[in-house]
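**Student:** I would like the atomic coordinates for the input below:
(chains A, B and C)
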Amino acid sequence: MTSSPTRPAPGPGPEAGEVIVDWFATAARDLPWRRPGVDGWAVLVSEVMLQQTPVARVEPVWREWLARWPAPSALAAASPAEVIRAWGKLGYPRRALRLREAAAAIAERHGDVVPSSVPDLEALPGIGTYTARAVACFGYGRRQPVVDTNVRRVVARLVHGRAEAANARAADLADIAALAPEDDDRAVRFSVAIMELGALVCVAGTPRCGACPVRERCAWRLAGSPAHEGPARRVQKFAGTDRQVRGRLLDVLRAASEPVDAAALEPAWDDPAQRARCLDSLLTDGLVEQTEDGLFRLPA
DNA sequence: CATTCGTGGCA
DNA sequence: TTGCCAAGAAT
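**Tutor:** Residues are numbered from 1 along each chain as shown, chains lettered A, B, ... in the order given. This is a model prediction of the structure:
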């Protein structure tokens, strides 16, 4: 083996990225925010709604939002109460407030046009490493590595031969950039394609390797599909947590057409101390406000 | 770097 | 039924 000058480096090699792009051409879901003519604003709204939220739940709300607020300035002009109600049950309603704040910043500082550069996007409230790159890439066709939970899982298996992804790291961006096709146009499609592969085939539960276009190059399969080493990732509890209580309180206020008193919030949760703590945190977050006469409502 | 922050479908 | 988990961000 000493005279093997062109021995390939470990890992699937750059052709894997090309194969994934070709797979995407036939396997991609027809999602509304991927269609031609969808602007940066619509893409930004979709990406924020999709944070930790399934596609099926986002679709109808996204359509309503874009019809109602077709530009950032329109959303910025809405009240927090309107925005929180329109957010419905997507979860993590602080996202709705931050999206409204981002819209105001875009209207004021960027001429009502969503910026296309990653630094400008990351400067907006609620827009982090992932979302900034997703908007630049999917919304504006910029060549950008885009790393979400799906991509980290695919790279963990395909490149590193591990069953599960580690925590997010800066090196993730380099990992994915190494797989991207040279051609810029294909590299842009690759960014969405590898996400799609993770969402449809290389899934968290039981991966559907039989349907995978790169199964023959996958380091994890080549290693015999070894089980995950180390401690299992802790799953967050929900029942009984402040998150559940906050959700219950917000439910009452979303349904109320007029400000309510503290007694009206009691049915939301039995424990008075936890109820009070959660109501206070909602006030701090700007998801609830108190009127002059001490009643509670969504911020007008 | 670990936690917190909603919600509901599904294996 | 219960646990898993779904295009993260902020602190």
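**Student:** so what's the residue of the stretch 51-200 of chain A found nearest DNA strand B up against?
**Tutor:** When scored by CB to the nearest atom of the strand, the stretch 51-200 of chain A has A:G91 as its residue closest to DNA strand B, at 2.1 Å. (C-beta placed from N, C-alpha, C; glycine too.) By CB atoms under 8 Å, 6 or more residues apart in numbering, A:G91 lies in contact with A:52-53, A:247.
**Student:** 7 Å instead?
**Tutor:** By CB atoms under 7 Å, 6 or more residues apart in numbering, the contact set of A:G91 is A:T53.
**Student:** Is it in a helix, a strand, or coil?
**Tutor:** Of the three states, A:G91 takes coil under DSSP: H, G, I helix; E, B strand; the rest coil.
**Student:** distance of it from A:F238?
**Tutor:** Distance of A:G91 to A:F238, computed by CB to CB, to the nearest Å: 10 Å.
**Student:** swap in A:L283?
**Tutor:** 22 Å.
**Student:** Between the two, which has more neighbouring residues?
**Tutor:** A:L283 (14 against 9; other CB atoms under 10 Å).
**Student:** Remind me what the lowest-mean-pLDDT helix or strand in chain A packs against, helices and strands.
**Tutor:** None of the helices or strands of chain A scores lower by mean pLDDT, DSSP states H and E than helix A:171-179, at a mean of 90. Under the contact criterion of 3 or more CB pairs under 7 Å, 6 or more residues apart in numbering; DSSP states H and E, helix A:171-179 touches helix A:149-158.
**Student:** what angle do the helix it packs on and helix A:171-179 make?
**Tutor:** 70 degrees (axes from the mean of the first three to the mean of the last three CA atoms, to 10 degrees).
**Student:** which one is whichever residue of chain A sits closest to DNA strand B nearest to, not counting chain neighbours?
**Tutor:** In chain A, the residue that lies nearest DNA strand B is A:G247 (1.6 Å; CB to the nearest atom of the strand). Excluding the flanking residues, the one nearest A:G247 by CB to CB, 6 or more residues apart in numbering is A:G91, at 7.9 Å.
**Student:** repeat for A:Q51
**Tutor:** A:R95 (6.3 Å).
**Student:** Okay, and that neighbour sits in which element?
**Tutor:** When secondary structure is defined by DSSP states H and E, A:R95 falls within helix A:94-109.
**Student:** immediately after that helix, which helix or strand?
**Tutor:** Moving toward the C-terminus from helix A:94-109, the next helix or strand (DSSP H and E) is helix A:118-122.
**Student:** same for that following helix, what does it pack against?
**Tutor:** helix A:129-134.
**Student:** Which other helices and strands does the helix it packs on contact?
**Tutor:** By 3+ CB pairs under 7 Å, 6+ apart, helix A:129-134 packs against helix A:40-49, helix A:118-122.
**Student:** Dump that helix to CSV, restricted to CA.
**Tutor:** What follows is helix A:129-134, C-alpha atoms only, in CSV (Å, rounded to 0.1, in the frame of the first residue of the first chain):
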residue,chain,number,x,y,z
THR,A,129,-26.6,31.7,12.4
TYR,A,130,-29.0,29.3,10.7
THR,A,131,-31.8,31.6,9.7
ALA,A,132,-29.4,34.3,8.3
ARG,A,133,-27.7,31.9,6.0
ALA,A,134,-31.0,30.3,5.0
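**Student:** For it, buried residues please.
**Tutor:** Neighbour-count burial for helix A:129-134 flags A:129-134 (criterion: 16 or more other CB atoms under 10 Å).
**Student:** Looking at it now, give me its mean pLDDT.
**Tutor:** The pLDDT scores in helix A:129-134 average 98.
**Student:** I would like the residues contacting the very next helix or strand once past that helix, please.
**Tutor:** Later in the chain than helix A:129-134, the nearest helix or strand by DSSP H and E is helix A:140. Here helix A:140 makes contact (CB under 7 Å, 6+ apart) with A:40, A:116.
**Student:** and helix A:140 with DNA strand C, contact?
**Tutor:** No - judged by CB under 7 Å from any atom of the strand, helix A:140 stays clear of DNA strand C, getting no closer than 14.9 Å.
**Student:** Centre of the chain to that helix, how far?
**Tutor:** 18 Å (CA atoms, centre = their mean, to the nearest Å).
**Student:** My guess is A:V83 contacts A:A96. True?
**Tutor:** Yes - if you go by CB atoms under 7 Å, A:V83 and A:A96 touch, sitting 5.0 Å apart.
**Student:** Those two: which has the busier surroundings?
**Tutor:** Shown here are A:V83 and A:A96; by other CB under 10 Å, A:A96 has more neighbours (25 against 22).
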